[in-house]
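Need a 3D model of the sequence below.
(2 chains)
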Amino acid sequence: MRSNFHRLAVLGLFAAIVGHAQSAQAYPQWQFSTGTTRCNQCHYAPGGGGLINDYGRDADGDDLSTWQGDGSFLHGAATLPSFVKLGADLRLALAAQDNGGPEQPAFAVFPMQLDGHIRLAFEAFSFQAIGGVRGQVRRTDAPIPSENIQPENSSRIVSREHWVSWQPEARGYYARAGRFFAPFGLRLAEHLVYVRRDLGFNTLQETYNVSAGYLENQWEAHVTVFGPDFLQAGTREAGVAAYGEYRLLDETAAVGLQTKYALDAGFDRFIGGAVGKLHIEPVNVLLMGEANYVRLIPDGVTAVGQFVGLVGASWFPPVRGIILTGWVERLQGDIATADTGSSAATASLSWFPYPHTEIQAVDRVQGVDGAVTFNTFLLQLHYFM
Amino acid sequence: MFRHRPCCAALLVRAQTMTNQNPRAFCSTLCCFVASLIGIGCGETDARPPQWAFIAPAIIAPNCATASCHSKGAAESGLDLSEPDVAYHSLFAQTAQFRIPVSPTVPPECKLDKGAMVCRTGRVLVVPCSPDQSRLVNMLRGRGAQRMPPDRPLPIGDIELIERWILQGAKQNPSDLTPSCGGAVAPDAGARPSVDAAPTVDARSGAVVDTGMTAVQDAPGGS
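Here you go, the predicted structure:
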């Protein structure tokens, strides 16, 4: 029985970790600290994240890696037609956790991500997609619900994002439609941050959207109308989200406001929140914070207020290619009731030794109100091209 | 280290002493909101309804129905906890099926299908009126079973709310006549498995695994 416990624990850890994996979000740490102000200075997506553009590749090769190299596709070994951009993300992970249950700690080494990116651009119009293998797939011999009509092997391949966009210039108006996450919050890349999950932006649960916005160095704004994922048995959320960010202090700081209203199966959810970033140049530290009030309104019963937020700081030491980040998170499941929340303190070391490569170590100490305090460690080898 | 003691009650008493006003007024939403920023929830009393209509969307879905776990797409261990109705069915009455290689003997709960055996399992993870015998609770508490959710266990307040819901019959709707506890907290001894008796056979290895599943036989004419 012990071995079965252990195997289930490892599988559970694996599933839980990859539940937060594959999210090729942007690195908001680079904002301000590298002289950039907008996410789409390095990414094609208006809200950041995903495939990086030529500017981002140059920055990767020249400025962001410990040893400089060629940041272009395949390190410059191949040249693509100008209207085609390709990329890929591969991650191998080692995870260790002790949640206090039987047969803990649990260890797992697993392929975390295998994604391909494609972008086709024709003047102001473009199509972009991410396709890959899920970090977690349902085993063909695993039990499946009799009522679940999804074929047991359909979850092996997944496209997290696929969208078309119209964007005449990097700055100015844009519109896009398809599957992606609405621009919202800090969008940290670290895989053990739960703030996004608690706000309804969990990995692989992207919505289908129509989004529009305006991007400028001084400010940006995004409005997104979203609907359920009807193709991949994903989220049922439908609603609207808006995010606006204003940069100040000579573009070394930003304040953002955000709101979201979503209808879901059995409940509605309203979110109102704020985001702040401040780069302290003398010490090369970027302070970040996000605070959200969530009103969860279940059908037919009492609504509750929740708090979801984090504060953190990233330090860029004099050695190029290294980011040290620490942050503290808090989820309060019901603001009016004790022992309904959890807190976590996380530290991460990201090292970009050479263009396209990243080694990241993350350690998270988590405390659940009235229950357990435990530790999760994640080591990733990440290659992107 | 992160065990937060509710201190809002102390603030209430202090406020009453200082202002001689109703301390409840002091614990306004704003107060609680600010308190939550530093990890404190207000109120010793949990006013949240111990009803499935609340528990499913507020606790179960966001913590359990993540994409790689008990979502509709992944449905780990055959559990789809993504929507209130489906989740309730998953916890109480859902049968699941899995495929295993053909063996010389075909168990009664299995049938041959396309070169493999398709077997059905039954699963009841909640024993109405008896939290201690409910596998769901034992997993949430990590009590003789793998702790769930493994990455971020539930706070004790949420577990206790689920236990209160089970104690009150674990009904899908409060107006439902069944399950009924009949005024006593007693397990339904019917076909529901006790914690210790929870079976069963792992599809891959054939080993006994503590998953809360029980083998079921097809009813005549069933699929």
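
If you average the pLDDT over stretch B:138-148, what comes out?
The average of the pLDDT scores along stretch B:138-148 is 87.

brain fart, stretch A:342-359
The average pLDDT within stretch A:342-359 is 94.

and the end-to-end length of that stretch?
The first and last residues of stretch A:342-359 sit 28 Å apart, counting by Cα to Cα, to the nearest Å.

Export stretch A:247-256 to CSV, keeping only CA atoms.
Extracted C-alpha coordinates of stretch A:247-256, given in CSV (Å, rounded to 0.1, in the frame of the first residue of the first chain):
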residue,chain,number,x,y,z
ARG,A,247,3.7,54.6,-16.8
LEU,A,248,5.2,57.4,-14.8
LEU,A,249,8.4,58.6,-13.2
ASP,A,250,10.2,58.9,-16.5
GLU,A,251,8.9,55.4,-17.5
THR,A,252,10.5,53.6,-14.5
ALA,A,253,7.2,52.8,-12.8
ALA,A,254,3.7,51.8,-13.7
VAL,A,255,0.3,51.6,-12.1
GLY,A,256,-2.4,49.5,-13.5
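
so how far is that stretch from its chain's centroid?
Computed by Cα atoms, centre = their mean, to the nearest Å, the separation of stretch A:247-256 from the middle of its chain amounts to 22 Å.

Could you spell out the sheet neighbours of the top strand by length along chain A, each with its direction?
The residue-count maximum for a strand in chain A (DSSP state E) belongs to strand A:106-122. Applying DSSP bridges to the sheet, strand A:106-122 is found paired with strand A:84-98 (antiparallel), strand A:125-133 (antiparallel).

Same list, the ones you listed, but as TSV with mean pLDDT please.
Shown next, in TSV, are the strands paired with strand A:106-122 (pLDDT from 0 to 100):
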stretch	mean pLDDT
strand A:84-98	90
strand A:125-133	93
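
for the longest strand of chain A, which positions count as buried?
A:Ala106, A:Ala108, A:Phe110, A:Met112, A:Gln113, A:Leu114, A:Asp115, A:Gly116, A:His117, A:Ile118, A:Arg119, A:Ala121 (16 or more other Cβ atoms under 10 Å in any protein chain shown). Backbone N, C-alpha and C define where each C-beta goes, glycine included.

Strands of the stretch 101-250 of chain A, residue ranges please.
A:106-122, A:125-133, A:144-145, A:157-166, A:172-180, A:207-215, A:219-227, A:238-248 (DSSP state E, counting those that start in this stretch).

Check chain B too.
Ranges of strands in chain B, per DSSP E, are B:95-101, B:110-113, B:116-123, B:213-215.

okay, the strands paired with strand A:106-122 in a markdown table with mean neighbour count next?
Formatted as a markdown table, the strands paired with strand A:106-122 follow (neighbours: other Cβ atoms under 10 Å in any protein chain shown):
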| stretch | mean neighbour count |
| --- | --- |
| strand A:84-98 | 19 |
| strand A:125-133 | 18 |
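
Nearest to A:Asp229, out of these?
strand A:125-133 (14.2 Å; Cβ to Cβ).

Tell me how far the closest one lies from the chain's centre.
Offset of strand A:125-133 from its chain centre (Cα atoms, centre = their mean): 16 Å.

still on that earlier bit, which of the strands of chain B has the lowest mean pLDDT?
strand B:213-215 (a mean of 45).

ok, B:Pro155 - contacts?
Going by Cβ atoms under 8 Å, 6 or more residues apart in numbering or on different chains, B:Pro155 touches A:Gly333, A:Asp339, A:Thr340, A:Gly341, A:Ser342, A:Val368, A:Asp369, A:Gly370, A:Ala371.

so which of the residues you listed are also by chain B?
Applying Cβ under 8 Å from any Cβ of the partner chain, the subset of the contacts of B:Pro155 adjacent to chain B comprises A:Gly333, A:Asp339, A:Thr340, A:Gly341, A:Ser342, A:Val368, A:Asp369, A:Gly370, A:Ala371.

hang on, the fourth one packs against A:Leu331?
This points to A:Gly341. Yes - at 5.4 Å, A:Gly341 and A:Leu331 qualify as touching, with contact defined as Cβ atoms under 8 Å.

Return every residue with contacts to both of those two.
A:Phe307.

So what are the structural domains in chain B, by residue number?
B:1-45, B:46-215 (automatic domain parsing).

show me where chain B has helices.
B:8-19, B:23-26, B:29-37, B:52-55, B:61-64, B:84-92, B:135-141, B:156-167 (DSSP state H).

Which strands or helices does the fourth one pack on?
The one in question is helix B:52-55. Judged by 3 or more Cβ pairs under 8 Å, 6 or more residues apart in numbering or on different chains; DSSP states H and E, the packing partners of helix B:52-55 are helix B:84-92, helix B:156-167.

Find the pair from the buried residues of strand A:106-122 with maximum spatial separation.
A:Ala106 and A:Ala121 (44.5 Å).

How about the residues of the stretch 151-300 of chain A by chain B?
Close to chain B, as judged by Cβ under 8 Å from any Cβ, the stretch 151-300 of chain A has residues A:155, A:194, A:197-198, A:202-205, A:232-234, A:236, A:264-267, A:291, A:293, A:296, A:298-300.

and those, which are buried?
Buried, going by 16+ other Cβ under 10 Å: A:155, A:194, A:197-198, A:202-205, A:232-234, A:236, A:264-267, A:291, A:293, A:296, A:298, out of those.

residues of stretch A:177-190 that come out buried?
The neighbour-count check on stretch A:177-190 (16+ other Cβ under 10 Å) flags A:178-190 as buried.

Please flag which of those residues sit within helices.
Using DSSP H, none of the buried residues of stretch A:177-190 sit in helices.

Tell me the one of those nearest A:Val210?
Using Cβ to Cβ, the buried residues of stretch A:177-190 come closest to A:Val210 at A:Gly178, 8.7 Å.

any idea how far chain B is from the closest residue to that closest one other than its chain neighbours?
Excluding its sequence neighbours, the residue lying closest to A:Gly178 (Cβ to Cβ, 6 or more residues apart in numbering or on different chains) is A:Trp163, at 2.7 Å. The gap separating A:Trp163 from chain B is 19 Å, by Cβ to the nearest Cβ, to the nearest Å.
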